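>>> give me the fold of what follows.
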Amino acid sequence: MKILTAATLACCLGAPAIAAPLCDDFGFAGLLAGCNRGEPIEITLSSGVPLGEDVTLQSGAYYTLEITADGSAELALTGPEFFRAIWMNEIVINDIEIRPMAIDSLEFDDAGTAELSFIAIVPGTHILRIPGSSGDTQQIKISIQ
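Down below sits the predicted model:
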């Protein structure tokens, strides 16, 4: 009994604050409901240009991430920890819809756009970065609450 009480207290007292849901009634669409959609996230891949501002997402909410490369260099975006912290709905490239189980990175050889739609799942701070770069402007922190 004492072990159960201690475990319950440790769990409840050390737990992070719980974010409120984006909608009260998900309806038939569930987590994909229109009322459960967060603000779109935009990242631009360009040689020597910052990726963008850090982002905070809510666990259980549906988001789109638009990654646009301007073609100034062959650039990739990697973030296996982030990609494992979300449920990927689809990736759309040139009107081709891909429904992957998992990805580690995306690489752009030329100018183009990839749009990822997903549900944020695992709380924590995850980083997307240009591989081989070391500057803070060549990464973006995505926090899931």
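
>>> relative to Asn36, how far out is Glu107?
31 Å (Cβ to Cβ, to the nearest Å). Using the backbone N, CA and C atoms, a C-beta is placed for each residue, glycine as well.

>>> no, scratch that, I was asking about Ile93
25 Å.

>>> the two: who's more crowded?
The neighbour comparison of Ile93 against Asn36 (other Cβ atoms under 10 Å) goes to Asn36, with 20 against 15.

>>> wait, isn't the more buried one in contact with Tyr62?
Yes - at 5.2 Å, Asn36 counts as touching Tyr62 under the criterion of Cβ atoms under 8 Å.

>>> now the strands for the protein?
41-45, 55-57, 62-69, 75-78, 86-93, 96-98, 105-108, 112-120, 124-129, 139-144 (DSSP state E).

>>> of these, which is nearest Asp25?
Closest to Asp25 of the strands of the chain is strand 62-69 (Cβ to Cβ; 15.0 Å).

>>> where does pLDDT dip in the chain?
1-21, 26-30, 32 (pLDDT under 70).
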